[in-house]
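S.K.: take this sequence and fold it.
(one chain, ligands or ions: 1)
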Amino acid sequence: MNQRRDAILREMGLAPLWRLRAVRGAEEGVVAQAPLVPEQTPNSPGQQQDAQAPLAPGTTDAFVSPQHEPALRPVAQLTPASLLETATAAVRTSGDVAGLGWEALEARIHSCSACDLCKRRKRAVPGVGDRQADWLFVGEAPGAEEDERGEPFVGQAGRLLDNMLASIDLRRGQDVYIANAVKCRPPNNRTPESAELTACFPYLQRQIQMIRPRLIVALGRPAAQALLSQEVKIAAARGRLFDYSGIPIVVTYHPAYLLRNLQDKAKVWEDLCFARRTMARLKTDRPPE
Ligand code: URA
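M.R.: Numbers count the residues shown, from 1 in each chain. Model prediction:
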């Protein structure tokens, strides 16, 4: 298992392996950012845990000692100074999209002409995966291969995303849904404009309403900004929890950025561990439905 994970981490540019050190002193309601220490740094007993270790029975997390972090409380009970950085997106009216089921929504996306991106698309790319997933990963917009195939993240960045998922024991389609903030390819893969993000947002909004994920991972700035309705700098937003309509959001770098900036690989690994830790705590703390 460790060999497989090592291979995955090497593949996604995340080797050498890193261990996460839990930080004491987090006040109630504050998430402590766990600093990274290189593997060769000796563990002090009770302080560090092996990022490769399996989840211990009865603990919420393999990476951070549970007593070092406060319980994750429902978003609605949180104040801005508390566990979550509240940046709730203004609820935007989505017109008739709000009432659509999956098939009708996807048909609407395929025939959408709400912005000029429709003029050059081959295929719109609604999203793919488990429609009842706990995890929702939101990217930026389709690239050339996605535009050809109608599926998100099937190019080089997609292969890296799959490896990122595997590194936290997730797989595309299994408890994971993958969507983009913008459903049609921008020319030359340019960053989507804010008008395009706004025009497309009702589709993502409806997908979130139907999936009801426990956690959203925003991959890159456009995805984070679309979800949070505010300017976001990934470097500043990492390691914090944001909120979209009661659903926690973790922000990290986009896989395409990581392909160009391998020096940030450890940060993405850290963010994935944070997301996984957050999910474990959400599952533990959430009252039964
Ligand atoms: N980048 C994205 O943000 N989404 C895709 O689907 C592919 C590349």
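
S.K.: residue 197: what's it in contact with?
M.R.: By Cβ atoms under 8 Å, 6 or more residues apart in numbering, the residues touching residue 197 are 181-182, 222, 225-226. (Glycine included, C-beta is placed from N, CA and C.)

S.K.: what strand or helix carries it?
M.R.: Using DSSP states H and E, residue 197 maps to helix 194-211.

S.K.: give me the contact list for the helix or strand just after that helix.
M.R.: Once helix 194-211 ends, the next helix or strand along the chain (criterion: DSSP H and E) is strand 215-219. Contacts to strand 215-219, defined as Cβ under 8 Å, 6+ apart, come from residues 134-140, 161, 208, 224, 227-228, 244, 247-255, 275, 278-279, 282.

S.K.: got the angle for strand 215-219 vs helix 194-211?
M.R.: Relative orientation of strand 215-219 and helix 194-211, computed by axes from the mean of the first three to the mean of the last three Cα atoms, to 10 degrees: 160 degrees.

S.K.: do the helix or strand following strand 215-219 and the ligand meet?
M.R.: Once the chain leaves strand 215-219, the next helix or strand it forms, by DSSP H and E, is helix 221-228. No - in terms of Cβ under 6 Å from any ligand atom, no part of helix 221-228 sits within range of the ligand; the closest distance is 7.3 Å.

S.K.: quick one: the helix or strand following helix 221-228 near the ligand?
M.R.: Along the chain past helix 221-228, the next helix or strand (assigned with DSSP H and E) turns out to be helix 234-237. No - Helix 234-237 is not in contact with the ligand by Cβ under 6 Å from any ligand atom; minimum separation 13.5 Å.

S.K.: any idea how far residue 220 is from the residue of the stretch 101-250 of the chain found nearest the ligand?
M.R.: As assessed by Cβ to the nearest ligand atom, the ligand sits closest to residue 139 within the stretch 101-250 of the chain, at 2.9 Å. If you measure residue 139 against residue 220 using Cβ to Cβ, to the nearest Å, the figure is 7 Å.

S.K.: my guess is residue 250 is in a helix, correct?
M.R.: No - applying DSSP: H, G, I helix; E, B strand; the rest coil, one finds residue 250 to be strand, outside a helix.

S.K.: quick one: contacts for the residue nearest to it when sequence neighbours are not counted?
M.R.: Nearest residue to residue 250, sequence neighbours excluded (Cβ to Cβ, 6 or more residues apart in numbering): residue 275, at 4.4 Å. Counting by Cβ under 8 Å, 6+ apart, residue 275 makes contact with 168, 215, 217, 250, 252.

S.K.: the nearest residue to the first one once chain neighbours are set aside is in what secondary structure piece?
M.R.: So that's residue 168. Spatial nearest neighbour of residue 168, excluding adjacent residues (Cβ to Cβ, 6+ apart): residue 276 at 4.5 Å. For residue 276, the enclosing helix or strand under DSSP H and E is helix 265-285.
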